[in-house]
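[1] Would you be able to build a 3D model of this:
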Amino acid sequence: MTTITNRTFDEISIGDSCERHHTVKEQDLLLFAAVSGDRNPLHLDAEYAATTQFKGQIAHGMFTGALVSAALAMELPGPGTIYLGQNLSFRKPVMLGDQLIVRLEVTSKHDSKPVVTLACTVTNQDGKKVATGEATVMAPTEKMTVEAPELPAISIA
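    Below you'll find the predicted structure:
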């Protein structure tokens, strides 16, 4: 079992940062499509996607957004974080096989509420920014270390 520990509002400082890595696989696109209902052939049909300006399948934009959400929940601030808002601009397509780095950096803290703003940057293996934006979260006020639930085995038929 994997344990994860949060950073409380009082522990967080402006400039704190984290990185989370993910390699995009076809299964990611299939599972995201199944959950979201977005079955755009640009994401799921290699033959169709090859005829587009991207010359191949690309990940759903909000899949990249979900990777930002995972970094907030698992890294900074971590367990107990409540997502309040997000703006995200998609700057380049995310292709199958891309090795993404999600980087979060604390840019501000509210004076009287446990609200934190973080700059969000997602880059690919070439160092190119594929998404940028800002997230606002309510940071936890109590320290905790918890076991991350195991994910079920999922097969795609």
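[2] Can you name the helix or strand that Thr121 falls in?
    Per DSSP states H and E, Thr121 falls inside strand 115-123.
[3] got a list of contacts for that strand?
    Applying CB atoms under 8 Å, 6 or more residues apart in numbering, the contact partners of strand 115-123 are 9, 12, 64, 67-68, 71-72, 76-77, 84, 86, 88, 100-110, 129-139. C-beta here means a position set from N, CA and C on the backbone, and glycine is covered the same way.
[4] Can you say which of those residues are buried?
    Neighbour-count burial (16 or more other CB atoms under 10 Å) applied to the contacts of strand 115-123 gives 9, 12, 64, 67-68, 71-72, 76-77, 86, 88, 100-106, 109, 130-133, 135-139.
[5] Could you pick out which of these are located in helices?
    Among those, DSSP state H puts 64, 67-68, 71-72 in helices.
[6] Thought His21 was touching Ala70, still the case?
    No. Using CB atoms under 8 Å as the test, Ala70 is too far from His21 to be in contact (11.0 Å).
[7] Mind jotting down where the strands sit in this protein?
    In the chain, the strands defined using DSSP state E lie at 3-5, 17-23, 82-90, 99-109, 115-123, 129-138, 145-147.
[8] In JSON lines, list those along with mean pLDDT.
    Compiled in JSON lines, these are given as follows (pLDDT from 0 to 100):
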{"stretch": "strand 3-5", "mean pLDDT": "96"}
{"stretch": "strand 17-23", "mean pLDDT": "98"}
{"stretch": "strand 82-90", "mean pLDDT": "97"}
{"stretch": "strand 99-109", "mean pLDDT": "98"}
{"stretch": "strand 115-123", "mean pLDDT": "98"}
{"stretch": "strand 129-138", "mean pLDDT": "98"}
{"stretch": "strand 145-147", "mean pLDDT": "96"}
